[in-house]
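1. one predicted model, sequence on top.
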Amino acid sequence: DDDAEMERELGTNKAVVCEETDKHGRGVLLVNAKRHVQGEFSKRSSRRVIKHQLDTAVNLLTKSNAETLLVIVDLRGFSLRNADLTLISYLIDVFFVFYPRRLDQILLLDAPLLFQPTWLAIKPLLRSYAKLVSFVSLAEAESYFQDNRIPASFRALSKREQ
């Protein structure tokens, strides 16, 4: 059943919409790349999850009078099994087509050297969005938030990974 698979995939918390905003008032979407394993869920389910999470994030923007999103992609523990270029291409297309000008910045957190070939493949797909990407450490990511504290939902996810 498609809905059950989507619910299971949402339950992995690979993408979490934060209720908190960053210090610039932007909505925050946290992505834990390590939790996405190619082939674990159908492409259809993963695409539905992407659309659902982005719709949720945009709805929260409206409620908080924010206009744009900060996306933090946690690359700690990233391996090649997490590098799903087909799904990344779909995500980029969704931003361009359905959410133009909603994406304000992408932080790639603690990218390992192993991520470099994936980045080289993704960067051209991003087109004008490539300039929105910054490679950051955890401390640098925390500086985007009030009191240099990354959202509680992110801290909770990170703790479970240890």
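-> Now that the structure is in, tell me what you want to look at.
2. and the residue nearest to residue 49 when sequence neighbours are not counted, how far is that from residue 15?
-> Spatial nearest neighbour of residue 49, chain neighbours left out: residue 9 (5.0 Å); criterion: CB to CB, 6 or more residues apart in numbering. C-beta: built from backbone N, CA, C; applies to glycine. Residue 9 is 9 Å from residue 15, where distance means CB to CB, to the nearest Å.
3. sorry, back to before: I'd say the residue nearest to residue 49 and residue 47 touch.
-> No: with contact defined as CB atoms under 8 Å, residue 9 and residue 47 do not form a contacting pair (10.3 Å).
4. neighbour count winner among those two?
-> Shown here are residue 9 and residue 47; by other CB atoms under 10 Å, residue 9 has more neighbours (22 against 17).
5. where do the strands of this protein begin and end?
-> Ranges of strands in the chain, per DSSP state E, are 15-17, 27-32, 69-74, 103-109, 133-136.
6. okay, angle between the second one and strand 69-74 too, please.
-> Using axes from the mean of the first three to the mean of the last three CA atoms, to 10 degrees, one finds that strand 27-32 and strand 69-74 are set 20 degrees apart in direction.
7. pairing partners for strand 27-32, with directions?
-> For strand 27-32, the paired strands and their directions (DSSP bridges) are strand 15-17 (antiparallel), strand 69-74 (parallel).
8. among those strands, which is nearest residue 40?
-> Set against residue 40 and scored by CB to CB, the strands paired with strand 27-32 come closest in strand 15-17, at 14.0 Å.
9. residue 90 - how many residues pack around it?
-> Residues near residue 90, counting by other CB under 10 Å: 16.
10. residue 100 now?
-> Residue 100: 8 surrounding residues under other CB under 10 Å.
11. same deal with residue 89?
-> Residue 89, neighbours per other CB under 10 Å, totals 14.
12. in the protein, which spans are helices?
-> Residue ranges of the helices in the chain, as given by DSSP state H, are 2-10, 43-63, 85-98, 116-126, 138-142, 152-161.
13. just say which of those is most tucked in.
-> helix 43-63 (a mean of 17; mean count of other CB atoms under 10 Å).
14. CA atoms of it as PDB?
-> In PDB, the C-alpha atoms belonging to helix 43-63 read as follows (Å, rounded to 0.1, in the frame of the first residue of the first chain):
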ATOM      1  CA  LYS A  43      10.900   6.000  -5.900                       C
ATOM      2  CA  ARG A  44       7.200   6.800  -5.800                       C
ATOM      3  CA  SER A  45       7.200   6.800  -2.000                       C
ATOM      4  CA  SER A  46      10.300   8.900  -1.800                       C
ATOM      5  CA  ARG A  47       8.900  11.500  -4.200                       C
ATOM      6  CA  ARG A  48       5.700  11.700  -2.200                       C
ATOM      7  CA  VAL A  49       7.700  12.200   1.000                       C
ATOM      8  CA  ILE A  50       9.700  15.000  -0.700                       C
ATOM      9  CA  LYS A  51       6.500  16.700  -1.800                       C
ATOM     10  CA  HIS A  52       4.800  16.200   1.600                       C
ATOM     11  CA  GLN A  53       7.700  17.600   3.500                       C
ATOM     12  CA  LEU A  54       8.100  20.600   1.200                       C
ATOM     13  CA  ASP A  55       4.400  21.400   1.400                       C
ATOM     14  CA  THR A  56       4.600  21.200   5.200                       C
ATOM     15  CA  ALA A  57       7.600  23.500   5.200                       C
ATOM     16  CA  VAL A  58       5.900  26.000   2.900                       C
ATOM     17  CA  ASN A  59       2.700  25.900   5.000                       C
ATOM     18  CA  LEU A  60       4.800  26.700   8.100                       C
ATOM     19  CA  LEU A  61       6.400  29.600   6.300                       C
ATOM     20  CA  THR A  62       3.000  31.100   5.700                       C
ATOM     21  CA  LYS A  63       2.100  30.700   9.400                       C
END
